[in-house]
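Colleague: this one's sequence-less:
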């Protein structure tokens with residue numbers, strides 16, 4: 001019997017929960033000998049909405065986008081280092097656009113077997129639910145989705161994996 005998950009995608013959004021999800025994905029990839037990709041999507045739709053609402057001027061949007069892209073690269077680099085520490089190669093993908101659309105497109109194009117997401121933030125209103133990119137990814141993913149919670153348990157599991165030289 002072959003392993004059910006040979007290609008795993010973990011979505012990063014800059015939150016602690018997404019880094020915890022990456023730690024869980026690294027542990028799974030190691031155990032299953034699966035390929036692991038970490039993806040960060042710069043949400044250009046949200047940035048465009050801020051300009052349209054006149055919350056940002058065009059120049060502010062450009063500066064903010066540069067900052068977000070820098071943050072994205074730092075998170076991807078961090079997850080790559082975590083993977084190397086545990087002997088797992090992590091492929092990084094940084095893209096921009098509407099988050100759930102970009103993730104779904106990548107899942108389909110790369111034939112990903114499993115999407116790993118960090119825990120969802122609390123939904124306080126119907127509007128929050130409609131705008132939740134994590135919720136949209138869960139509902140539209142063409143593959144199984146694992147939502148990682150309980151940061152302490154995941155941290156302990158990750159730390160118990162032997163480091164690779």
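Modeller: Arrived safely, thanks for sending. Model, not experiment: these values are computed from the prediction. Numbers count the residues shown, from 1 in each chain.

Colleague: Can you tell me the element residue 155 falls in?
Modeller: helix 151-160 (DSSP states H and E).

Colleague: Surely residue 76 and residue 83 touch.
Modeller: No. Look at residue 76 against residue 83 with C-beta atoms under 8 Å: they stay out of range, at 10.6 Å. In short, each C-beta sits where N, CA and C put it, glycine included.

Colleague: tell me the SS of the residue nearest to residue 29 when sequence neighbours are not counted?
Modeller: Excluding the flanking residues, the one nearest residue 29 by C-beta to C-beta, 6 or more residues apart in numbering is residue 36, at 3.9 Å. Following DSSP: H, G, I helix; E, B strand; the rest coil, residue 36 is assigned to strand.

Colleague: if I pick residue 36, what's in contact with it?
Modeller: When contacts are counted by C-beta atoms under 8 Å, 6 or more residues apart in numbering, residue 36 touches 8, 9, 10, 25, 26, 29, 83, 88, 89, 90, 91.

Colleague: and if we set it to 6 Å?
Modeller: Each residue near residue 36 by C-beta atoms under 6 Å, 6 or more residues apart in numbering is listed here: 8, 25, 29, 88, 90.

Colleague: so how many other residues sit close to residue 114?
Modeller: Residues near residue 114, counting by other C-beta atoms under 10 Å, number 23.

Colleague: try the one 3 residues further on
Modeller: Here the neighbour count serves as a burial measure; for residue 117 (other C-beta under 10 Å) it reads 25.

Colleague: Are we agreed that it is in a helix?
Modeller: No. Using three-state DSSP, the assignment for residue 117 is strand, not a helix.

Colleague: Quick one: residues contacting it.
Modeller: Contacts of residue 117 (C-beta under 6 Å, 6+ apart): 11, 21, 134, 147.

Colleague: just those now: which is nearest residue 118?
Modeller: Nearest to residue 118 among the contacts of residue 117: residue 21, at 4.1 Å, using C-beta to C-beta.

Colleague: downstream neighbour of the lowest-mean-pLDDT helix or strand in the chain in the secondary structure list?
Modeller: Least confident helix or strand of the chain, by mean pLDDT, DSSP states H and E, is helix 126-131 with a mean of 48. Using DSSP H and E, the helix or strand that directly follows helix 126-131 along the chain is helix 133-140.

Colleague: what angle do the helix or strand hosting residue 19 and helix 151-160 make?
Modeller: Assessed by DSSP H and E, residue 19 sits inside helix 16-32. Helix 16-32 and helix 151-160 are oriented at 40 degrees to each other (axes from the mean of the first three to the mean of the last three C-alpha atoms, to 10 degrees).
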